[in-house]
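> just a sequence and a predicted model for now, questions to come.
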Amino acid sequence: MNLSQDRTEICLKNIRMRFQMKSGDPINVFDGLDLEVYKGEFISFLGPSGCGKTTLLRLIADILQPTEGIVTVGGISAAEARKQHKYGIVFQKPVLYDWRTVAKNVALPMEMMKIPKKEQEEKVTEMLQLVNLEGYENSYPFELSGGMQQRVGIARALSLDSEILLMDEPFSALDEFTKMKLHEDLLRIWEATGKTIVFVTHNISEAVYLSDRVCVFTANPARLAGIVDIGLKRPRNEDMLISSSYLAYMGEIRHIFEAGYEKD
Amino acid sequence: MKRRSVVSGMMVKLAPPVAFGVFVVGFIQLGLAYTLLNFKPMQLPPPSAVASAFIENFQAIARDSLVTVGPTLAGMIVGSLIGYLTAVFITRFPKGGFGLLYIMIAINSVPIVALAPIMNRWFTQPFPAKVSVVIIISMGAMAVNAFRGLSDLPDESRHLMRACDASNMEVFTKLRIPASLPYVFTALKINVSVAMMGTIIGEYFNDNTSGIGYMIKYTLRIGNRKAEGWAYILAAAIISILIYAALTLAQRRLVRWHASQRMGA
């Protein structure tokens, strides 16, 4: 009991969300959801659109607040954790500020923290190396490809060395080849930094390939239908994508989806 | 190689307006406007007469142009500034502030021809009378455009600010204000012609005997000075184009990151 508490980084307790729609009845999301995210793990929120996976990520990020329930991050409230810069966030779109160079975009969170200029520059160089973008410091976002822009977004999220990395479908707008490359890079960064990663996706294969645990969400009503432990050994590699155990995990998750829909 | 492609790019861009200008000037100069469209030379002096009137009266035109440019720029700057600050206020306090936008649009839609005589009564000096007209008519475009630029941002841009625990001030300085710059230039470019029009109409109704507006009114009434009147119109157009070009250059420097600066690039 104590042991598992020590390992817990993010704790969601009895979460309920009510969205008041402009027309019609309010929509209820999560019927008292409980979830613990462990320190240093790679956890995915997987599900179709409307299943609440992004909402849950935003609850952790304190972008949204739950109607009922409590979110704690490392023992403190989500709001407090946000103010202490406990997490970096990567969005579906790169969300770079067009008027800033790559270096300035990466430095943005550090700028807000009033970190000395010299230190910022060193960190930017280090981060750009980490995401394989050395030499692009002075480029503007419009000069980069979609994959490169997303790398800048990841470098920015990592720049404060926050313990948690929240990623909201970060690769869903990228082509398959770029995505594969970024998967490799992300796993490498994760293994090098030991961060806790919460990864939202609608791609089953991606979730299985990257994660320690996959939380499967179903829509209508939005709920957590099951959690699958992925026992594939680390480091992961592309050969695993055709292994029988990988396919078995894919099958198990599909099965949870199907069971979820049969209930409707 | 790069330099050359820039030059050829400019030529391609300039070709249509130059061709159009040559056509119009040629059409009138060759007498087609008079024979085909039945214009009288006193209604529409030939371009050669306008050109020589422009050169002959260059000193007077330059003097009057300066009289006109002053209030145009002053009014445009002050009016745009008021419009921008209003937009900032509305963005910061949307609930209470939004009504301001309607007031601004309402004031903005008072016709200039009504406004100019009123301001000439309110102010005894011509300069403040003209400036006030220009201020009033250039506030609205800036307020509406700037508000759009300051507030119409993707959710994630604001979420990022929240994740960085940004203060309201930082949200403005780091996100909203830079994001509004392209819209500011759009408004300023709209305001160039509006401001020129405001000043000229102000001068048209003013008792003061200088400025492009006054000179157009005065010379077009006199039989043998019609070409001079057209020379003043030409001067007004040149001034507008120069201000517009200056804005375009500033825009190219300040917002070269924006999509509007990359068309066909």
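Everything's here; your move.
> near chain A, which residues of chain B?
Within reach of chain A by C-beta under 8 Å from any C-beta of the partner chain, chain B has these residues: B:154, B:156-157, B:159-160, B:162-166, B:170, B:174-175, B:178-179, B:181, B:255-259, B:262. All C-beta spots, glycine's among them, are computed from the backbone N, C-alpha and C.
> among those residues, the buried ones, what's the ChimeraX command?
Buried members of the residues of chain B next to chain A, defined by 16 or more other C-beta atoms under 10 Å in any protein chain shown, are picked up in ChimeraX with:
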select /B:156,157,159,160,163,164,165,166,174,175,178,179,181,255,257,258
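> just the residues of chain B next to chain A: which are in helices?
B:156, B:157, B:159, B:160, B:162, B:163, B:170, B:178, B:179, B:181 (DSSP state H).
> could you verify my assumption that the fifth one touches residue A:82?
Yes. Using C-beta atoms under 8 Å, residue B:162 is in contact with residue A:82, at 7.2 Å.
> what touches both of these two?
Common contact partners of residue B:162 and residue A:82 (C-beta atoms under 8 Å, 6 or more residues apart in numbering or on different chains): A:61, A:62.
> contacting residues for residue 172?
Assuming you mean chain A. Taking C-beta under 8 Å, 6+ apart as the definition, contacts of residue A:172 comprise A:92, A:201, A:202, A:203.
> oops, I was thinking of chain B
Counting by C-beta under 8 Å, 6+ apart, residue B:172 has contacts B:88, B:92, B:150.
> if we go to 10 Å?
Taking C-beta atoms under 10 Å, 6 or more residues apart in numbering or on different chains as the criterion, residue B:172 is in contact with B:88, B:91, B:92, B:150, B:166, B:178, B:180.
> show me where the chain has its helices.
No chain was given, so I picked chain A. So, for chain A - with DSSP H - the helices run A:2-7, A:53-60, A:78-83, A:102-112, A:117-130, A:146-158, A:176-193, A:204-210, A:244-262.
> if you could check chain B rather than the one you did, that'd help
Under DSSP H, chain B gives helices at B:2-29, B:32-35, B:47-56, B:58-92, B:94-108, B:112-122, B:126-151, B:155-163, B:168-170, B:177-205, B:212-221, B:226-254.
> would you turn those helices into a markdown table with mean pLDDT?
Shown next, in a markdown table, are the helices of chain B (pLDDT from 0 to 100):
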| stretch | mean pLDDT |
| --- | --- |
| helix B:2-29 | 85 |
| helix B:32-35 | 90 |
| helix B:47-56 | 94 |
| helix B:58-92 | 96 |
| helix B:94-108 | 87 |
| helix B:112-122 | 91 |
| helix B:126-151 | 94 |
| helix B:155-163 | 92 |
| helix B:168-170 | 94 |
| helix B:177-205 | 95 |
| helix B:212-221 | 93 |
| helix B:226-254 | 94 |
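> what's the burial count for residue 114?
Because you didn't say which chain, this covers chain A. For residue A:114, the count of nearby residues is 7 (other C-beta atoms under 10 Å in any protein chain shown).
> try chain B instead
9.
> now do residue B:51
Neighbour tally, residue B:51, other C-beta under 10 Å: 17.
> contacting residues for it?
Residue B:51 neighbours (C-beta under 10 Å, 6+ apart): B:25, B:29, B:45, B:227, B:230, B:231, B:234.
> from these, which is closest to chain A?
residue B:234 (38.3 Å; C-beta to the nearest C-beta).
> residues contacting the spatially most central residue of chain B?
Closest to where the C-alpha atoms of chain B average out (C-alpha atoms, centre = their mean) is residue B:192, at 0.8 Å. Neighbouring residues of residue B:192 by C-beta under 10 Å, 6+ apart: B:72-73, B:76, B:138, B:239-247.
> columns distance to residue B:10 on top of the ones in helices among the residues of chain B next to chain A, output as TSV?
Converted to TSV, those look like this (distance: C-beta to C-beta, whole Å):
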residue	distance to residue B:10
B:156	37
B:157	35
B:159	41
B:160	38
B:162	44
B:163	44
B:170	40
B:178	28
B:179	29
B:181	24
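> report the two of those separated the most.
B:163 and B:181 (23.7 Å; C-beta to C-beta).
> count of residues packed around residue B:55?
10.
> and the gap between it and chain A?
Residue B:55 is 45 Å from chain A, where distance means C-beta to the nearest C-beta, to the nearest Å.
> for that residue, what are its contacts?
B:61, B:231.
> residue B:148 against residue B:176, yeah?
No. If you go by C-beta atoms under 10 Å, residue B:148 and residue B:176 don't touch, sitting 11.2 Å apart.
> the two: which has the busier surroundings?
Set side by side, residue B:148 and residue B:176 show more neighbours around residue B:176, with 23 against 15, by other C-beta under 10 Å.
> between residue B:148 and residue B:176, what contacts are shared?
With C-beta under 10 Å, 6+ apart, residue B:148 and residue B:176 have common neighbours B:87, B:91.
> quick one, which of the helices of chain B gets closest to residue A:244.
Closest among the helices of chain B, once you apply C-beta to C-beta, is helix B:155-163, at 39.1 Å.
> now do that closest one: which elements does it pack against?
Secondary-structure packing of helix B:155-163 (3 or more C-beta pairs under 10 Å, 6 or more residues apart in numbering or on different chains; DSSP states H and E): helix A:53-60, strand A:87-90, helix A:102-112, helix A:146-158, strand A:164-168.
> pick the most deeply packed of these.
For the helices and strands packed on helix B:155-163, average neighbour numbers computed from mean count of other C-beta atoms under 10 Å in any protein chain shown are highest in strand A:87-90, which has a mean of 26.
> partners of that one in the sheet?
Strand A:87-90 has the following sheet partners, assigned by DSSP bridges: strand A:164-168 (parallel).
> got the angle for the partner strand vs helix B:155-163?
170 degrees (axes from the mean of the first three to the mean of the last three C-alpha atoms, to 10 degrees).
> give me the pLDDT for the closest residue to residue A:189 other than its chain neighbours.
Sequence neighbours aside, residue A:130 is the residue nearest to residue A:189 in space, at 6.0 Å (criterion: C-beta to C-beta, 6 or more residues apart in numbering or on different chains). Looking at residue A:130, its pLDDT stands at 89.
> just checking, residue A:130 touches residue A:157?
No. With contacts counted by C-beta under 10 Å, residue A:130 stays clear of residue A:157, the gap being 11.2 Å.
> what ranges in the stretch 151-264 of chain A fall below the confidence cut-off?
A:261-264 (pLDDT under 70).
> give me that answer again for 80
In the predicted model of the stretch 151-264 of chain A, residues A:260-264 satisfy pLDDT under 80.
> which non-adjacent residue is nearest residue B:145?
residue B:187 (3.9 Å).
> pretty sure that neighbour is touching residue B:149, no?
Yes. The criterion here is C-beta under 10 Å, and residue B:187 meets it with residue B:149 at 8.9 Å.
> next up, the contacts around the residue nearest to residue A:189.
So residue A:130 contacts A:151, A:154, A:155, A:158, A:159, A:185, A:188, A:189, A:192, A:193 (C-beta under 10 Å, 6+ apart).
> which of those residues sit farthest apart?
Farthest pair in the contacts of residue A:130, by C-beta to C-beta: A:159 and A:188, 17.3 Å.
> neighbour count winner among those two?
A count of neighbours by other C-beta under 10 Å puts residue A:159 above the other of residue A:159 and residue A:188, at 25 against 14.
> hmm, the more buried one is touching residue A:124, no?
Yes. Residue A:159 is within contact range of residue A:124, at 7.2 Å (criterion: C-beta under 10 Å).
> what's near enough to touch residue A:238?
Counting by C-beta under 10 Å, 6+ apart, residue A:238 has contacts A:180, A:183, A:184, A:209.
> near chain B, which residues of the stretch 1-150 of chain A are found?
Contacts of the stretch 1-150 of chain A with chain B, taken as C-beta under 10 Å from any C-beta of the partner chain, map to A:58, A:61-64, A:79, A:82-85, A:87-101, A:108-113, A:140-143.
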